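Asker: Here you go, sequence then predicted model.
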Amino acid sequence: MNLGNGDFMGLAATMIVMVGNIPLTRAQKSYQTKIMEAKDNRMKSTSEVLRNMKTLKLQAWDGRYLEKLVNLRKTEHNWLWKSLRLSALSAFVFWGSPTFISVVTFGGCVVMGIPLTAGRVLSALTTFRMLQDPIFNLPDLLNVIAQGKVSVDRISSYLKEEEIRSDAVEFVADGETEFQVEIDGGKFGWDVGSENPTLNSIELRVRKGMKVAICGTVGSGKSSLLSCVLGEMERLSGTVRVSGSKAYVPQSPWILTGNIRENILFGNRYESDKYDRTIEACALVKDFELFGAGDLTEIGERGINMSGGQKQRIQIARAVYEDADIYLLDDPFSAVDAHTGTQLFQDCLLGILKDKTILYVTHQVEFLPAADLILVMQNGKIAQAGTFDELLKQNIGFELLVGAHSQALESVITVEISSRTTPADNEADTDPNPNQEFPHTKQDSEHNLRVEVTEKEGQLVQDEEREKGSIGREVYLSYLTTVKRRALVPIILLAQSSFQVLQISSSYWMAWACPMGDDVAVTGMRFVLLVYTMLAVGSAFCVLLRSSLVAIAGLRTAEKLFSNMLNSILRAPMAFFDSTPTGRILNRDFVLG
């Protein structure tokens with residue numbers, strides 16, 4: 001800069017500015033952490049509301065949960081406001097930094113007696129202007145660093161979660177063992193450090209083609225036994241050996257957004273003969289006939305336009321089509337009526353899967369006699385094991401369990417039949433169709449099947465509308481017309497204009513007031529520095545005013561847009577949620593929030 005020792009004054013001032021960034025960065029990081037925590041809580045609650053919207057509307061709870069989401073948004077809003085205020089302060093500090101450096105440098109030159117000519121001043125100001133862009137971008141860079149640090153920490157905490165042991169299950173090649181599933185001295189738990197394991201002293205050997213029924217009271221460890229065969233539980237001791245591929249059917253249906261055929265194929269190649277045998281064995285043929293597009297009918301998110309029994313049969317068909325060696329079925333008949341369950345058991349488990357190894361959890365005692373082996377679970381242990389007849393002879397406990405289930409089933413069927421049967425329809429009920437579901441199930445199913453679809457036959461979820469290219473003027477105009485307190489817009493423009501005018505004026509003043517070469521100065525250097533400082537500080541305060549008003553207007557506009565969106569979503573009819581994936585709504589909610 002050709003200012004002699006004055007350059008060191010400028011360097012010292014620059015270092016002071018850099019050190020001053022540290023508390024701002026720390027505060028911004030803290031605010032970003034709080035913002036993300038508040039956003040996570042709001043997004044989690046919003047997701048739960050969207051996934052249970054039918055229940056909320058049936059109970060008229062949408063207004064109450066709207067208030068809860070608004071309160072969660074207020075917490076997030078408070079942290080956003082603090083972060084934006086800090087950003088405005090950062091803009092003021094960094095726009096004022098060139099002024100601070102200039103004043104310190106020129107003041108040091110005056111104190112040390114270094115003459116300030118126009119050439120030296122303009123050279124110094126040019127250098128400061130060159131540094132101004134990096135310094136100006138520093139607030140945004142600090143914000144990005146703070147946000148990135150928070151994001152990296154969140155990702156890191158997830159990636160550092162304890163992995164499921166890869167050796168939980170030992171896979172044995174076909175032919176090396178006579179058993180397809182073998183557990184020796186197995187002790188399993190969901191938490192490695194737990195003193196009370198979920199499953200204890202498990203001894204199990206299953207030969208190829210065996211049908212193993214697993215029964216027991218609620219919480220006895222039936223589903224956990226399947227999970228340990230899958231390798232989803234922590235193996236605390238013992239060994240688990242499995243020979244062959246596995247297919248798993250959970251108790252709660254898991255359905256993809258897409259058409260029915262895609263849910264059944266699950267990425268496998270379509271083979272018409274195999275596919276037809278599968279849907280026939282899973283009692284889906286008549287259901288497909290009720291759909292306008294058959295198995296190409298699109299399923300709503302989580303199968304929202306399907307009955308529970310239909311979703312269960314679809315996921316059973318998915319497992320059957322996979323043609324695995326071992327099938328793990330977790331209470332597969334709980335969501336279907338007795339007649340359909342019997343048909344599934346006969347045509348599927350004892351039919352198309354007759355040569356497969358099957359472990360199935362069930363509460364229906366009518367499916368126990370056909371099993372080659374029955375496991376009675378109690379308190380995380382296999383209390384009894386044997387065939388149906390053997391268990392009846394061994395212990396009265398199993399006999400009592402069978403009797404209790406049978407009486408409960410008979411009482412439920414008696415109550416349902418008596419509540420639906422009238423003298424007028426007794427005659428119609430004398431010839432029941434074994435493939436027919438209970439009346440209320442069929443009625444609900446047919447109602448669900450008539451959900452309105454779009455013009456494209458079979459399509460339920462509407463295609464997302466997207467626009468590519470630069471943002472059009474309509475978007476900006478729409479945003480500006482939505483701005484709350486529109487009087488702030490001209491004030492923001494005035495503050496920005498004043499900032500530019502004062503910036504130019506400060507540079508012009510220094511160039512005019514400083515002498516050229518050996519010329520006599522127009523005025524004293526102290527007065528020159530005083531005027532320059534006032535102009536530069538004034539420009540920095542204009543930046544502070546502009547940044548603060550932009551933060552206020554932007555945040556209030558975001559609140560208005562968010563409130564309108566939230567009200568529109570929660571007041572929308574159920575048809576909207578049937579045709580719009582939850583993820584699509586949450587993406588808008590996350591971006592706008």
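Answerer: The structure has been received and is ready for your questions. In this text, all values refer to a predicted model and were calculated from it rather than measured experimentally.
Asker: right, and the helix or strand after the helix or strand of the chain with the lowest mean pLDDT?
Answerer: Ranking every helix and strand in the chain by mean pLDDT, DSSP states H and E puts helix 439-449 at the bottom, with a mean of 41. Remark: after helix 439-449, the chain's next helix or strand is helix 473-482, criterion DSSP states H and E.
Asker: Using CSV, write out every CA atom in that following helix.
Answerer: This file holds the C-alpha atoms of helix 473-482, laid out as CSV (Å, rounded to 0.1, in the frame of the first residue of the first chain):
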residue,chain,number,x,y,z
ARG,A,473,-41.0,-12.8,-12.5
GLU,A,474,-44.4,-14.2,-11.3
VAL,A,475,-42.7,-15.9,-8.4
TYR,A,476,-40.9,-12.8,-7.2
LEU,A,477,-44.1,-10.7,-7.6
SER,A,478,-46.1,-13.3,-5.7
TYR,A,479,-43.5,-13.2,-2.9
LEU,A,480,-43.5,-9.4,-2.8
THR,A,481,-47.2,-9.2,-2.7
THR,A,482,-47.2,-11.7,0.2
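Asker: For whichever helix or strand comes after it, list every residue counted as buried.
Answerer: Once the chain leaves helix 473-482, the next helix or strand it forms, by DSSP H and E, is helix 488-513. Neighbour counts over helix 488-513 (16 or more other C-beta atoms under 10 Å) mark 488, 492, 495-496, 498-499, 502-503, 505-507, 509-510, 513 as buried. Quick note: C-beta positions are derived from backbone N, CA and C, even for glycine.
Asker: could you dump those residues to a markdown table with pLDDT and distance to His339?
Answerer: As requested, those are exported to a markdown table (pLDDT from 0 to 100; distance: C-beta to C-beta, whole Å):
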| residue | pLDDT | distance to His339 |
| --- | --- | --- |
| Leu488 | 80 | 68 |
| Ile492 | 87 | 71 |
| Ala495 | 89 | 76 |
| Gln496 | 87 | 75 |
| Ser498 | 91 | 81 |
| Phe499 | 87 | 79 |
| Leu502 | 88 | 85 |
| Gln503 | 80 | 83 |
| Ser505 | 86 | 89 |
| Ser506 | 81 | 88 |
| Ser507 | 75 | 89 |
| Trp509 | 79 | 94 |
| Met510 | 73 | 94 |
| Ala513 | 72 | 99 |
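Asker: The longest strand anywhere in the chain pairs with which strands, and in what direction?
Answerer: Counting by DSSP state E, the longest strand found in the chain is strand 179-189. Strand pairing for strand 179-189, determined by DSSP bridges: strand 199-207 (antiparallel), strand 234-242 (antiparallel).
Asker: Out of those strands, flag the one nearest Lys34.
Answerer: strand 234-242 (34.2 Å; C-beta to C-beta).
Asker: what comes up buried for the closest one?
Answerer: Under the neighbour-count criterion of 16+ other C-beta under 10 Å, strand 234-242 has 234-236, 238, 240-242 buried.
Asker: Quick one: distance of that strand to the chain centre.
Answerer: Mean-position distance between strand 234-242 and its chain equals 32 Å (C-alpha atoms, centre = their mean, to the nearest Å).
Asker: any residues touching that strand, and which ones?
Answerer: Here strand 234-242 makes contact (C-beta atoms under 8 Å, 6 or more residues apart in numbering) with 164-165, 167-172, 177, 179-192, 197, 202, 228-229, 231, 326.
Asker: Of those residues, keep whichever come out buried.
Answerer: Buried members of the contacts of strand 234-242, scored by 16+ other C-beta under 10 Å, are 168-169, 177, 179-183, 186-189, 197, 202, 228-229, 231, 326.
Asker: Farthest pair within the buried residues of strand 234-242?
Answerer: The largest separation in the buried residues of strand 234-242, counting by C-beta to C-beta, is between Leu236 and Val242 at 18.0 Å.
Asker: if we can go back for a sec, just send the strands paired with strand 179-189 back as CSV, with distance to Glu366 too.
Answerer: Listed next are the strands paired with strand 179-189 as CSV, based on distance: least, C-beta to C-beta, whole Å:
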stretch, distance to Glu366
strand 199-207, 22
strand 234-242, 29
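Asker: So which of these is nearest Gln32?
Answerer: Minimum separation from Gln32 across those (C-beta to C-beta) falls at strand 234-242, 34.9 Å.
Asker: Give the other helices and strands that the next helix or strand after that closest one contacts.
Answerer: Scanning forward in sequence from strand 234-242, with DSSP H and E defining helices and strands, the next element found is strand 246-249. On a contact count with 3 or more C-beta pairs under 8 Å, 6 or more residues apart in numbering; DSSP states H and E, strand 246-249 meets helix 222-230, helix 308-322, strand 326-330.
Asker: Noted, bye for now.
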